[in-house]
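*Asks:* predicted structure and sequence below. I'll ask about it afterward.
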Amino acid sequence: MLKRSFGLLCAAVIMGVGTAAAQTGVPSFNGFYVGGQAGYSKINVEVSVAGVGSADDDMDGFGGGGFIGFGGTNGQLYGGIEAELGFDGAEWSQNRAGGSDDVEAQLTFGLGARIGYVIDDRYLIYGRFGWVRTNADYSFVGIGSGDEDFDGGRFGGGVEGKFGNIGVRGEYTYTIYEEKTVLGVKVDPDQHLFRVGVAHYF
């Protein structure tokens, strides 16, 4: 239900901005751009302890941030680079005797590339791949607290429509984070991320 609602919200945002934006000149995906984005993050975390066993659980939430990039076209082919910075928002909590255990994905930043195909000079279908780092804050009753950075490889794709100098996008990415040992527990996270964004091209 949550994914369906988010999908409908993405469609509404894209249609709304597309209708409201003034179309000035011929749209182009060439050059620098800056923008903002928001989305739904779902992180599956597998944990294991030697000699004890393993388990997994999901943490999710909504976050957002900004991005800056540069791209260009060669005929209908597109290539570009993009940097992003934001707040992830995925969280997990469990109440137990003495308080609650809490984990939250917070600051995230990354660098990646977009490669795609331009249709009718106004629509870009693209694939994305790159690197991302996400900081997670954790607190476990009677065990300890702190924060940890997780690096990962991110890949996925999306669609962007161009309306004058405004680009409106929707995309999905999957991130495979590195495995780490935190407080004696081996942690192996991966992430599904659904986002919508609006960019201004210069």
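*Replies:* On my side now, so go ahead.

*Asks:* contacts only, for the residue nearest the centre of the chain.
*Replies:* Geometric centre of the chain, nearest residue: residue 193, 4.8 Å, by C-alpha atoms, centre = their mean. By C-beta atoms under 8 Å, 6 or more residues apart in numbering, residue 193 lies in contact with 39, 40, 41, 42, 154, 156, 172, 173, 174, 175. Every C-beta, even on glycine, is put in place using the N, C-alpha and C of the backbone.

*Asks:* show me how far the helix or strand encompassing the third one is from its chain's centre.
*Replies:* Read it as residue 41. Here residue 41 sits within strand 31-49, counting by DSSP states H and E. Its chain's C-alpha centre and that of strand 31-49 lie 3 Å apart, by C-alpha atoms, centre = their mean, to the nearest Å.

*Asks:* same deal with stretch 156-163?
*Replies:* Distance, centroid of stretch 156-163 to centroid of chain: 14 Å (C-alpha atoms, centre = their mean).

*Asks:* cool, and stretch 103-114?
*Replies:* 7 Å.

*Asks:* same question, stretch 59-66
*Replies:* With C-alpha atoms, centre = their mean as the basis, stretch 59-66 stands 8 Å off its chain's centre.

*Asks:* what residues sit buried inside that stretch?
*Replies:* Residues of stretch 59-66 classed as buried by neighbour count (16 or more other C-beta atoms under 10 Å): 59, 60, 61, 63, 65.

*Asks:* give me the contact list for it.
*Replies:* Stretch 59-66 is touched from outside by 34-43, 45, 84-92, 103-105, 108, with contacts defined as C-beta under 8 Å, 6+ apart.

*Asks:* of these, grab the buried ones for PyMOL.
*Replies:* Of those, the buried ones go into a single PyMOL selection, burial set by 16+ other C-beta under 10 Å:
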select buried, resi 35+37+38+39+40+41+42+43+45+84+86+87+88+89+90+91+92+103+104+105+108
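
*Asks:* show me where pLDDT drops low in the chain?
*Replies:* Residue ranges of the chain with pLDDT under 70: 1-27.

*Asks:* pretty sure residue 138 is touching residue 145, no?
*Replies:* Yes: using C-beta atoms under 8 Å, residue 138 makes contact with residue 145 at a distance of 6.3 Å.

*Asks:* neighbour-wise, which of these two wins?
*Replies:* Neighbour tally, residue 138 and residue 145, criterion other C-beta atoms under 10 Å: the higher count belongs to residue 138, 18 against 12.

*Asks:* quick check: bridge partners of that one?
*Replies:* For residue 138, the beta-bridge partners are residue 103, residue 146 (DSSP bridges).

*Asks:* list the contacts of it.
*Replies:* Contact partners of residue 138, counting by C-beta under 8 Å, 6+ apart, are 102, 103, 104, 145, 146, 147, 148, 182, 183.
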